[in-house]
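[1] sequence unavailable; structure follows:
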């Protein structure tokens, strides 16, 4: 029996055959996935498909990284978070809680994605996440996602929101918040 200390005391673990990174025996990593030599997967985390975890990235708790997703650099995916498709999480970014990062999404820098946020586009700074409505609202660099629908600020300014009465009633303030966040994104890109 081999053990490794992921930071909370030694647990049964092994080095993954594809990359050599440490994987707790309680976690699952498919043979087709790559876990780099300094990367870690522990808790009940799952890494499937052709996903790659490299650099000094960590995947923990009940998080899943699937398909062709990449988690690298000093990134951290935890909680019940899901990273899928061709998504990339890198730099010092972290994805936590019930967050979903998918498609061609990019979460980078020091961005923190958490709660019920859903990122399907670029997210170079922490997204604006608004809850308490019929559907979670996430504002990233170039898209606003409400439930399962996405669009630009201009798209949402003209979308039909009557099926969501509370959101429809607060439409102007939500668009103002989204606009302010998008201006913050633009300002940070100039630095």
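    Received it, and whenever you're ready, just let me know what you need. Only a predicted model underlies this, so the values are computations on that prediction, with no experimental measurement involved.
[2] could you point out the helix or strand that follows the lowest-mean-pLDDT helix or strand in the chain?
    When the helices and strands of the chain are scored by mean pLDDT, DSSP states H and E, helix 165-169 comes last with a mean of 65. Sequence order places helix 171-190 as the next helix or strand after helix 165-169, per DSSP states H and E.
[3] who are the packing partners of that following helix?
    Secondary-structure packing of helix 171-190 (3 or more CB pairs under 8 Å, 6 or more residues apart in numbering; DSSP states H and E): strand 128-130, strand 137-139, helix 153-158. The C-beta positions use only the backbone N, C-alpha and C, and glycine is treated the same way.
[4] relative to residue 141, how far out is residue 105?
    10 Å (CB to CB, to the nearest Å).
[5] tell me the domain ranges of the chain?
    Here the domain parsing of the chain from automatic domain parsing is 1-126, 127-191.
[6] is it possible to export those to JSON lines including mean neighbour count?
    As requested, the domains of the chain are arranged in JSON lines below (neighbours: other CB atoms under 10 Å):
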{"stretch": "domain 1-126", "mean neighbour count": "20"}
{"stretch": "domain 127-191", "mean neighbour count": "15"}
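[7] list the contacts of residue 71.
    When contacts are counted by CB atoms under 8 Å, 6 or more residues apart in numbering, residue 71 touches 39, 51-54, 57, 59, 65, 77, 83, 88-90.
[8] same thing with residue 14?
    2, 22-23, 25.
[9] next, format those residues as CSV and append distance to residue 71, secondary structure and pLDDT.
    Formatted as CSV, the contacts of residue 14 follow (distance: CB to CB, whole Å; DSSP: H, G, I helix; E, B strand; the rest coil; pLDDT from 0 to 100):
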residue, distance to residue 71, secondary structure, pLDDT
2, 24, coil, 97
22, 15, strand, 98
23, 14, strand, 98
25, 20, coil, 98
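[10] from these, pick the one nearest residue 175.
    residue 23 (45.0 Å; CB to CB).
[11] residue 13 is in contact with the closest one, correct?
    Yes: in terms of CB atoms under 8 Å, residue 23 counts as a neighbour of residue 13; the distance is 6.2 Å.
[12] list the residues that are in contact with both of these two.
    Contacts common to residue 23 and residue 13, judged by CB under 8 Å, 6+ apart, are residue 42.
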